[in-house]
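Chemist: With the input below, show me the fold.
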Amino acid sequence: MGIYGVGIYGSGVYGGDTDIALTVQDVYPDRVQLVVTENVAGTTVTIWRRVLGETARTAVRGADHLVLTDSGPIIAYDHEAPYGVGLEYLLEVSEIDLPAETESVTLTLEGGKVAITDAISGQAAETVILAWPDKDMARPATVFQVGARNIAVLGELVGFTSTIDFYCETKDARENLILVLKTATQGIVQLRGPGGYDDVDCYLAVTGLRVSRYSQDGSDPRRVVSADVVEVEGWAPTLGTATFTLGDIAAALPSPPNDLQDLADMFPGGTLLDIALADWS
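Modeler: Below is the predicted model of the structure:
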């Protein structure tokens, strides 16, 4: 787990130094916890993610145009950041970009495999792309035959449809992958590679699944999971990301008894905010 300090300097909105504290949480796959302090009630705050060297930026889910009703800290979790590239996080307050000198962070996807993730539920599966030969793209079109000629009314070229074959070495890997694909929020998953490969990362709506034996040996656990997918823009922006569950907390506590006294012992004199900021991975 790494902790990175990002200095955000006042521009007359806050009147003082404000920090975005970054914590790379040691889960699979890695995610970034973001905490912004010294907020002002009544302002609207957005935390942006940007790949170093690029101008395009993406609002972090759960920290997009937040209207603050109090001066407490903002806590957000970035489950959708790409891997293998340098990232920085920027702060916008009431439509003003605060000048920032940020330390970059690079997330690592270990093992060279790809990650299938659901940023809303927090579920994830590690897998291998066995085959992804093509991406089919088409325009919505209506053709009229008028006066011995074709008249075509065309829409915009839309995202691709495709079939991706995922290779699963073990029964557990296969069952976990199928679980993520079947229970994905809104039927959507995010596909992310370890970085360094173009044309891999995307959001996919899963429309169908097929499971094939890798061999016909009944003792061979290897399977190919073929997913029929459609490229989409991601989950609805109003959906928030998972942070941690009661199960995560219980797993981190001494066992037994895993009770409230254990929490009190871990955070002597602490508050519920201390629990929210803890890394339960």
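Chemist: Quick one: the strands in the stretch 51-200 of the chain, in order.
Modeler: Under the criterion DSSP state E, counting those that start in this stretch, the stretch 51-200 of the chain contains strands at 57-59, 66-67, 74-78, 86-93, 96-97, 100-101, 105-106, 114-117, 124-131, 141-146, 149-154, 161-168, 188-192.
Chemist: and residue 34, which of these is closest to it?
Modeler: strand 74-78 (4.6 Å; C-beta to C-beta). Where you see a C-beta, it was placed from the backbone N, CA and C, and this is true even at glycine.
Chemist: tell me the domain ranges of the protein?
Modeler: Domain ranges of the chain: 2-108, 111-232, 244-281, per automatic domain parsing.
Chemist: Of the ones you listed, give the one that comes closest to residue 238.
Modeler: The closest of the domains of the chain to residue 238 is domain 2-108. By C-beta to C-beta, the value is 9.5 Å.
Chemist: tell me, how many neighbours does residue 33 end up with?
Modeler: By other C-beta atoms under 10 Å, 22 other residues sit near residue 33.
Chemist: Also the one 5 residues further on?
Modeler: With neighbours defined by other C-beta under 10 Å, the count for residue 38 comes to 14.
Chemist: Next, count neighbours for residue 98.
Modeler: 18.
Chemist: Distance of it relative to residue 91?
Modeler: Shown here: residue 98 relative to residue 91, a distance of 5 Å by C-beta to C-beta, to the nearest Å.
Chemist: cool, residue 23 as well?
Modeler: 17 Å.
Chemist: These two - which one has more neighbours?
Modeler: Taking neighbours as other C-beta under 10 Å, residue 23 and residue 91 compare with residue 91 leading, 27 against 20.
Chemist: what bridges to the more buried one?
Modeler: Counting by DSSP bridges, residue 91 forms beta bridges with residue 47.
Chemist: just so I have it, where are all the helices in this protein?
Modeler: 171-183, 246-252, 260-266, 272-277 (DSSP state H).
Chemist: For this structure, give me the ranges with low pLDDT.
Modeler: 1-19, 99-102, 243-248, 255-258, 277, 279-281 (pLDDT under 70).
Chemist: and the residue most central in space within it, what is it in contact with?
Modeler: Residue closest to the mean C-alpha point of the chain, counted by C-alpha atoms, centre = their mean, is residue 80 at 2.2 Å. Contacts for residue 80 were tallied using C-beta atoms under 8 Å, 6 or more residues apart in numbering; they are 58, 61, 119, 190, 234.
Chemist: centre of the chain versus stretch 199-213, how much separation?
Modeler: 17 Å (C-alpha atoms, centre = their mean, to the nearest Å).
Chemist: Could I get the buried residue list for that stretch?
Modeler: 201, 202, 203, 204, 205, 206 (16 or more other C-beta atoms under 10 Å).
Chemist: if I pick the closest residue to residue 23 other than its chain neighbours, what's in contact with it?
Modeler: Distances taken as C-beta to C-beta, 6 or more residues apart in numbering place residue 33 nearest to residue 23, at 4.3 Å, with adjacent residues excluded. Neighbour list for residue 33: 22, 23, 24, 25, 75, 76, 77, 78, 277, 279 [criterion: C-beta under 8 Å, 6+ apart].
Chemist: Near the fourth one, how many other residues are there?
Modeler: Taking other C-beta under 10 Å as the neighbour definition, residue 25 ends up with a count of 17.
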